[in-house]
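Peer 1: below are the sequence and a predicted model for it; my questions follow.
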Amino acid sequence: MSVVVVGAGIAGIACARELAAAGVAVQVRERADRIGGRMCSPELDGRPVDLGAAYFTVRDDGFAGVVDGWRSRGLVRTWTDTLDVIENGTRGTAPGPMRWAAPGGLGGLVADLATGLDVRLGHTVRSVEPGPLVDGEPTDAVVLAMPDPQVGALVDAPAARGREWRSVLAVAMRWRERVWAPFPAAFVNGHPLLTSVADDGDRRGDGAPVLVAHATGGSPAEVVAAARELLDLPEPESVHAHHWPHAAPVDGRDEPYLAGADGIALAGDGWGSSRVETAWRSGSLLGRALAQRLATG
Ligand SMILES: Cc1cc2nc3c(=O)[nH]c(=O)nc-3n(C[C@H](O)[C@H](O)[C@H](O)COP(=O)(O)OP(=O)(O)OC[C@H]3O[C@@H](n4cnc5c(N)ncnc54)[C@H](O)[C@@H]3O)c2cc1C
């Protein structure tokens, strides 16, 4: 029995781990040259910066076990349970669940989970057909672990149609030194452009003078100008922007995954409410279910 998992985000890697643990031959194919998907921590000015997911939360017992493993090896740390809220010129705080961060960047956590798996990077899958066939080759099952619009580019799956996905422009800004009063991150409510600003040095724990702003649109220069105005900051030394066309679905779903009778299965954070933990759970549950289905024929 063999399964192809398309997408090396946390959902695809979690799914592949479950399949491999059950003795199923599994290959992960990823179009990017790195593992992690929207958990993305490129090195900017020689230091990783989280340009996708800002942090993760932990509710699920199974995910808590994974996080314990990361914590015991120093890969993650608790960051904060209180974020600032900036709205109409006022600044307050909002308590919430504990947010976890990774000193080396969130992307490294997915790479850690992928240890020992057969992951082909720089491998874009171009077609998936019932059978299933992946790029014309037969396999016992294929898992598409990615946002709905990316599924739609590969196969006509009715379940992946019709939902709107929000886009996000993430802009990392670095200064020579810290010129702001410490804060972990702030939700920015009611702003025409900005939705949040996070202190990357605070969450990473190295105190680096780096902020990451998330915006609904605009250009990187407009986002920098808006963040400077909001927090009364000078011009940054360097700026790096990344556009996420499918950052998160506008609405969630109740089902954790879809395992079609045609051998084509769907997983990811679109199955549930869009979060790192949701994506992990979706991939893990699907992997377990698929392994059982393949074992019983
Ligand atoms: C800006 C931003 C901020 C966020 N903030 C938070 C947060 O603070 N907390 C939180 O919990 N979550 C947050 N999230 C959401 C979180 O990042 C996602 O829920 C999670 O990473 C989704 O994982 P995934 O595996 O489902 O999908 P992805 O990580 O998107 O993985 C899909 C993978 O499939 C690959 N792929 C697609 N098509 C093909 C193809 N044809 N061939 C090969 N490979 C393909 C892609 O390259 C990608 O690597 C944020 C996301 C963004 C973008």
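Peer 2: Great, that's in hand.
Peer 1: pull out the buried residues from the strand or helix carrying Met98.
Peer 2: Remark: Met98 resides in strand 90-101, with elements defined by DSSP states H and E. By neighbour count on 16 or more other CB atoms under 10 Å, the buried set for strand 90-101 is 99-101. For every residue, glycine as well, the C-beta is placed using N, CA and C.
Peer 1: make a markdown table out of those and add distance to the ligand.
Peer 2: Shown next, in a markdown table, are the buried residues of strand 90-101 (distance: CB to the nearest ligand atom, whole Å):
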| residue | distance to the ligand |
| --- | --- |
| Arg99 | 7 |
| Trp100 | 9 |
| Ala101 | 10 |
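Peer 1: got CSV for those, with pLDDT too?
Peer 2: Listed next are the buried residues of strand 90-101 as CSV, based on pLDDT from 0 to 100:
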residue, pLDDT
Arg99, 98
Trp100, 98
Ala101, 98
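Peer 1: and the next helix or strand past the strand holding Met98?
Peer 2: helix 107-113.
Peer 1: near the ligand, anything from that next one?
Peer 2: No. Shown here: helix 107-113 not in contact with the ligand (CB under 6 Å from any ligand atom), separated by at least 7.8 Å.
Peer 1: tell me the residues of the stretch 1-150 of the chain that contact the ligand?
Peer 2: The stretch 1-150 of the chain has residues 6-12, 29-32, 37-39, 52-56, 124-125, 145-147, 150 near the ligand, with proximity defined as CB under 6 Å from any ligand atom.
Peer 1: Val3 and Ala289 touch, don't they?
Peer 2: No. Checked against CB atoms under 8 Å, the pair Val3 and Ala289 is beyond contact range at 11.8 Å.
Peer 1: for the two, work out which one has more neighbours and name it.
Peer 2: Higher neighbour count among Val3 and Ala289: Val3, with 26 against 16, using other CB atoms under 10 Å.
Peer 1: and the next helix or strand past the helix-or-strand element of the chain with minimal mean pLDDT?
Peer 2: Lowest by mean pLDDT, DSSP states H and E among the helices and strands of the chain is strand 43-44, with a mean of 92. Next along the chain after strand 43-44, taking DSSP H and E as the criterion, comes strand 47-48.
Peer 1: which residues sit against that following strand?
Peer 2: 41-42, 104-105, 107-108, 204, 206, 208, 210 (CB atoms under 8 Å, 6 or more residues apart in numbering).
Peer 1: just how off-centre is whichever helix or strand comes after it within its chain?
Peer 2: Next helix or strand after strand 47-48 toward the C-terminus (DSSP H and E): helix 61-72. Distance of helix 61-72 from the chain centroid (CA atoms, centre = their mean, to the nearest Å) equals 17 Å.
Peer 1: which strands or helices does helix 61-72 pack on?
Peer 2: Counting contacts by 3 or more CB pairs under 8 Å, 6 or more residues apart in numbering; DSSP states H and E, helix 61-72 is packed against helix 107-113, helix 276-296.
Peer 1: give me the contacts around that helix.
Peer 2: Helix 61-72 has contacts (CB under 8 Å, 6+ apart) with 58, 76-77, 100, 102, 109, 112-113, 277, 280-281, 284.
Peer 1: which strands and helices sit next to the next helix-or-strand element following it?
Peer 2: As assigned by DSSP H and E, the chain's next helix or strand after helix 61-72 is strand 77-87. Counting contacts by 3+ CB pairs under 8 Å, 6+ apart, strand 77-87 packs against strand 90-101, strand 185-189, helix 200-204.
Peer 1: which of the contacts of helix 61-72 are buried?
Peer 2: Burial by neighbour count, judged by 16+ other CB under 10 Å, picks out 58, 76, 100, 102, 109, 112-113, 277, 280-281, 284 from the contacts of helix 61-72.
Peer 1: just put those in TSV and tack on distance to His242.
Peer 2: Converted to TSV, those look like this (distance: CB to CB, whole Å):
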residue	distance to His242
Val58	26
Val76	22
Trp100	21
Ala102	18
Leu109	18
Asp112	22
Leu113	22
Glu277	22
Trp280	22
Arg281	26
Ser284	27
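Peer 1: quick check, nearest of those to the ligand?
Peer 2: For the buried ones among the contacts of helix 61-72, the closest approach to the ligand (CB to the nearest ligand atom) belongs to Glu277, at 6.1 Å.
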